[in-house]
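In: okay, sequence plus prediction incoming.
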Amino acid sequence: MAKLFFNNFIVNNFKKNKEARYLSYITLGLIIIGISAVSSCSSMVNINAPLDCITKHFINIGLGFILFIIASFFNYKKYTNFNLPLFIVTTLLLLSTSFFREINGAHRWINLGFFNFQPSELAKLVIIIIMANFLSRHKHHINTWSANVFPCIYLIVFASIIYGLQSDLGTTILLFVIWSSMLFIAKIDTKRILILILIAFLGMSAAIIVKPYRRARVITYVNQIVHSFSGNKETAEDKKLRKKIDDARYNSDISFAAFGSGGLTGKGAGKSDTKLRYLPEKQTDYIFPIIGEEYGLLGTLLTVFLFILFTKTALSINSKCKDDFGKFLSFGIMLTITGQAIINMGMTTGIFPSKGIPLPFISYGGSAMLINCYMIGILINIARNNNKIL
């Protein structure tokens with residue numbers, strides 16, 4: 001059995017497939033960076049059990065590796081047979097979160113006793129599979145309104161539950177970006193795309209307006225941009241506004257301080273001072289500044305470079321794909337992982353407003369690690385199929 005596994009996985013995936021080999025190395029590199037950063041933050045997450053966080057992180061990586069192996073061998077074309085079951089199960093899981101304990105002010109997790117599962121992570125993959133299957137089947141009449149109805153229903157159901165019950169605007173926006181981008185590469189009429197973007201913009205604006213903390217984040221973000229370009233000194237009114245939104249700016253200010261104090265080569269592993277201060281979710285949403293402080297500009301550039309290599313490799317797999325379902329599926333997976341990385345790094349560097357999106361393969365979090373590893377496995381399966389190994 002061990003010899004069969006070695007021959008099938010190591011030989012076929014690595015020696016005979018360049019994209020699979022690169023993808024595996026890139027993922028491993030990101031996971032190693034994550035282990036180092038999470039290890040540094042572990043003692044501050046739970047002072048009474050300093051090794052609890054990193055121990056769970058290793059367990060999540062182990063489970064993710066198992067899912068990675070399964071996905072790399074499971075023929076991705078068979079996902080087309082499970083659209084309806086996947087949709088129903090994911091919808092029920094999303095709805096069931098309201099019956100579980102609230103964590104950090106939101107009902108986003110299902111407590112399994114040994115593991116808190118976040119169904120919205122699964123929803124990202126499910127909507128990619130459903131959209132890829134639907135678009136590949138209807139590519140010849142994609143510009144009819146009837147062909148656009150079901151994709152809209154899938155998005156509306158997932159987005160409404162995630163935003164309405166879980167108050168997770170970040171994931172809702174990401175789902176829309178994935179959904180609309182897949183429609184775009186399916187060559188849907190530009191007018192339809194613009195109408196969808198307008199509707200989404202209005203909905204997002206309403207969601208921001210009704211929540212004071214979201215308004216504060218946007219005001220903070222816009223205020224920073226205005227002052228950075230205007231070069232004018234703050235007026236008394238500006239100072240009054242700044243005082244009201246100090247809480248919203250605090251996270252980004254601490255992030256900037258962390259990046260700045262790291263210099264070129266950083267302070268060294270485990271020597272972050274920022275983790276000692278109040279930076280919420282330092283092991284998840286704000287782990288990138290910890291990397292910047294401990295490993296400096298070189299560490300942050302290496303992280304960015306690995307995500308660029310991942311995107312390039314995933315696009316290479318996509319370009320060689322021989323069937324439409326595989327093309328849409330690989331593009332959706334690439335967009336999800338790369339999009340989350342861009343949003344997280346942009347958020348922590350002040351390019352985007354603050355939003356709770358973890359950094360793939362690096363941030364602490366079981367659900368995200370498991371789903372991301374599974375998606376990498378799917379990409380490798382597609383790459384192997386491109387070389388006619390399956």
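Out: That came through, no problem.
In: show me where this structure has its strands.
Out: 110-111, 116-117 (DSSP state E).
In: now the first one: mean pLDDT?
Out: Mean pLDDT, computed over strand 110-111, is 82.
In: strand partners (parallel or antiparallel) of it?
Out: Strand 110-111 has the following strand partners under DSSP bridges: strand 116-117 (antiparallel).
In: name the nearest residue to K187, sequence neighbours excluded.
Out: The spatially closest residue to K187, leaving aside those adjacent along the chain, is I142, at 6.7 Å (CB to CB, 6 or more residues apart in numbering). (Glycine included, C-beta is placed from N, CA and C.)
In: ok, longest helix in the chain?
Out: Ranked by number of residues, the top helix in the chain under DSSP state H is helix 287-320.
In: which parts of the chain are helices?
Out: Taking DSSP H as the test, the helices found in the chain are 2-5, 18-45, 52-73, 83-96, 119-137, 145-166, 169-185, 190-209, 212-230, 236-244, 246-262, 287-320, 324-348, 366-386.
In: buried set for the second one?
Out: The neighbour-count check on helix 18-45 (16 or more other CB atoms under 10 Å) flags 19-24, 26-27, 29-31, 33-45 as buried.
In: gap between it and the chain center?
Out: Distance of helix 18-45 from its chain centroid, counting by CA atoms, centre = their mean, to the nearest Å, is 15 Å.
In: could you check the angle helix 366-386 makes with it?
Out: Comparing the axes of helix 18-45 and helix 366-386 via axes from the mean of the first three to the mean of the last three CA atoms, to 10 degrees yields an angle of 170 degrees.
In: run the angle between helix 18-45 and helix 287-320 for me.
Out: Going by the same axes, to 10 degrees, helix 18-45 makes 160 degrees with helix 287-320.
In: name the helices or strands packed onto helix 18-45?
Out: Taking 3 or more CB pairs under 8 Å, 6 or more residues apart in numbering; DSSP states H and E as the contact definition, the neighbouring helices and strands of helix 18-45 are helix 52-73, helix 287-320, helix 366-386.
In: tell me which of these is the most buried.
Out: Taking mean count of other CB atoms under 10 Å as the contact definition, the stretch among these with the greatest mean neighbour count is helix 366-386, which reaches a mean of 24.
In: what residue lies at the spatial centre of the protein?
Out: Q340 (3.4 Å; CA atoms, centre = their mean).
In: mind listing what that one touches?
Out: Q340 makes contact with 174, 357-360, according to CB atoms under 8 Å, 6 or more residues apart in numbering.
In: low-confidence regions, this protein specifically.
Out: Residues of the chain that meet the criterion pLDDT under 70 lie in 1-16, 43-50, 103-106, 143-150, 163-166, 192, 200, 203-251, 275-282, 388-390.
In: run the last query once more with 50
Out: With pLDDT under 50 as the threshold, the chain has low-confidence stretches at 240-241, 243-244, 389-390.
In: the closest residue to L23 other than its chain neighbours and G260, how far apart?
Out: Using CB to CB, 6+ apart and skipping residues adjacent in sequence, the residue nearest L23 is T313, 5.2 Å away. Between T313 and G260 the computed distance is 32 Å (CB to CB, to the nearest Å).
In: hang on, the earlier thing: who does the longest helix of the chain touch, helix- and strand-wise?
Out: Under the contact criterion of 3+ CB pairs under 8 Å, 6+ apart, helix 287-320 touches helix 18-45, helix 246-262, helix 324-348, helix 366-386.
In: closest one to A159 among the ones you listed?
Out: Counting by CB to CB, A159 lies closest to helix 324-348 out of the helices and strands packed on helix 287-320; the figure is 15.0 Å.
In: list the buried residues in that closest one.
Out: When neighbours are counted by 16+ other CB under 10 Å, the buried residues of helix 324-348 are found to be 325-345, 347-348.
In: and the longest helix of the chain, how far out from the chain middle?
Out: In terms of CA atoms, centre = their mean, the centre of helix 287-320 is found 13 Å from the chain centre.
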